[in-house]
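J.: Following is a predicted model, sequence given first.
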Amino acid sequence: MESRHVIKGVTPNAEGLFTLAGIRVLAKGRGCKVRAAKPTGCEILGSFTTTILVFNQPGLCSPRRIFAACTIATGRKLISQRRCQAPADLDTVSHGLVESKLAELLAADGIEPYRAGRRTVAFESLIRSEFAAGAIDFAGENKHVKAAVRCVVDAGFAERALGPRGGWQQARLTWSERARPELSESDLMSFLK
């Protein structure tokens, strides 16, 4: 599946971290600018305020931190860690995706993953795409679903291919290995039996 959503050749490294060039592109896509880059961090300028982005490693930063800094800089609501946790009675493993990572990523980008003990429509659409050959529910009509798709694609967790006429109605996601749980050696051996 060819992805038509390309972030100008900027992709995360093997550890899922972005260089300064990637940070600039992700920040620009969220209405922010990067200023005063140093080996330990940089400033993110938004329409509301300026925030400090501290790198995970010298010159490298996770998408979750980048999204959170941009969310704060633009004055949007940052979702708390407590609200990123799945309700206890919700099945979070049968779909084959690491739901906790995806929920944290969406929350950092200002998108609520859970509400009233259930997944939000945006988050549920992402999860259901795993069972529906990549098809994304409500992608053509819900702005929150589009924002959630853009979030996981920008972070390198998935690739998006738009429909045949370039629209969202038949858009599809292909999840990367970063969105899937890591299998231990014993898991692999039991699978091969």
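T.: Noted; the coordinates are in hand. All values reported here derive from a predicted model rather than from experimental measurement. Residues are numbered from 1 along each chain as shown.
J.: Centroid-nearest residue for this structure?
T.: Taking Cα atoms, centre = their mean as the criterion, residue 152 is the residue nearest the geometric centre of the chain, at 2.9 Å.
J.: I'd like to know how far that residue sits from residue 42.
T.: Distance, residue 152 to residue 42, by Cβ to Cβ, to the nearest Å: 24 Å. To be clear about C-beta, it is placed using only N, CA and C from the backbone, and glycine gets the same treatment.
J.: Out of the helices and strands in the protein, which is least certain?
T.: Taking mean pLDDT, DSSP states H and E as the measure, the helix or strand of the chain with the lowest value is helix 185-192, at a mean of 54.
J.: So what does residue 135 have for phi and psi?
T.: In terms of degrees, to the nearest 10, the main-chain angles of residue 135 are phi -70, psi 140.
J.: Quickly list what it is bridged to.
T.: Counting by DSSP bridges, residue 135 forms beta bridges with residue 172.
J.: these two touch, right, residue 168 and residue 146?
T.: Yes - the pair residue 168 and residue 146 qualifies as a contact (Cβ atoms under 8 Å) at a distance of 6.5 Å.
J.: Common neighbours of these two, please.
T.: Common contacts of residue 168 and residue 146 (Cβ atoms under 8 Å, 6 or more residues apart in numbering): residue 139.
J.: and this protein, what are its domains?
T.: If the domains of the chain are taken from automatic domain parsing, they occupy 1-78, 92-193, with pieces of a single domain joined by a plus sign.
J.: Tell me which of these lies nearest to residue 85.
T.: domain 92-193 (7.6 Å; Cβ to Cβ).
J.: of the domains of the chain, which approaches residue 84 most closely?
T.: Comparison of the domains of the chain against residue 84 by Cβ to Cβ identifies domain 92-193 as nearest, at 4.6 Å.
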